[in-house]
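**Student:** sequence and predicted structure below; questions after.
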Amino acid sequence: MNENHRESVMLRVSGMTCQDCVMHVKKAILSLDGVTDAKVDLKTGDANVVYEPERVKPDDILALRIFRPPSHYSASIKER
């Protein structure tokens, strides 16, 4: 098994209104074991997440507490 294999997924994140929102979302995504990078863009509402598929799946990212009520953020997969 190649331990360095990484994939990326583009998420559409809604509910972000400022750079603090971007920081909160990015921090939450990066807290997930197996996520190696996350670039969150306030203007486009996109989050490009790089992850190790042996350790984490895109659905695990979408299931993060930050994307569930009562949080005002939500996320969906835009592009795999």
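**Tutor:** That came in fine, so what should we check first?

**Student:** burial of Leu11, as a residue count?
**Tutor:** When neighbours are defined as other C-beta atoms under 10 Å, Leu11 has 23 of them. Any C-beta I mention is one placed from the backbone N, CA and C, and that applies to glycine too.

**Student:** who's it bridged to?
**Tutor:** Counting by DSSP bridges, Leu11 forms beta bridges with Ala47, Ile77.

**Student:** that one touches Arg80, doesn't it?
**Tutor:** No - with contact defined as C-beta atoms under 8 Å, Leu11 does not reach Arg80; the gap is 10.3 Å.

**Student:** where do the contact lists of those two overlap?
**Tutor:** Pro58 (C-beta atoms under 8 Å, 6 or more residues apart in numbering).

**Student:** tell me the contacts of Val49?
**Tutor:** For Val49, the contact set (C-beta under 8 Å, 6+ apart) comprises 8-11, 29, 35, 37-38, 58, 61.

**Student:** brain fart, Thr36
**Tutor:** Each residue near Thr36 by C-beta under 8 Å, 6+ apart is listed here: 6, 50-52.

**Student:** measure the most centrally placed residue in the chain to Phe67 for me?
**Tutor:** Centroid check for the chain by C-alpha atoms, centre = their mean gives Ile29 as the closest residue, at 4.6 Å. Going from Ile29 to Phe67 by C-beta to C-beta, to the nearest Å gives 9 Å.
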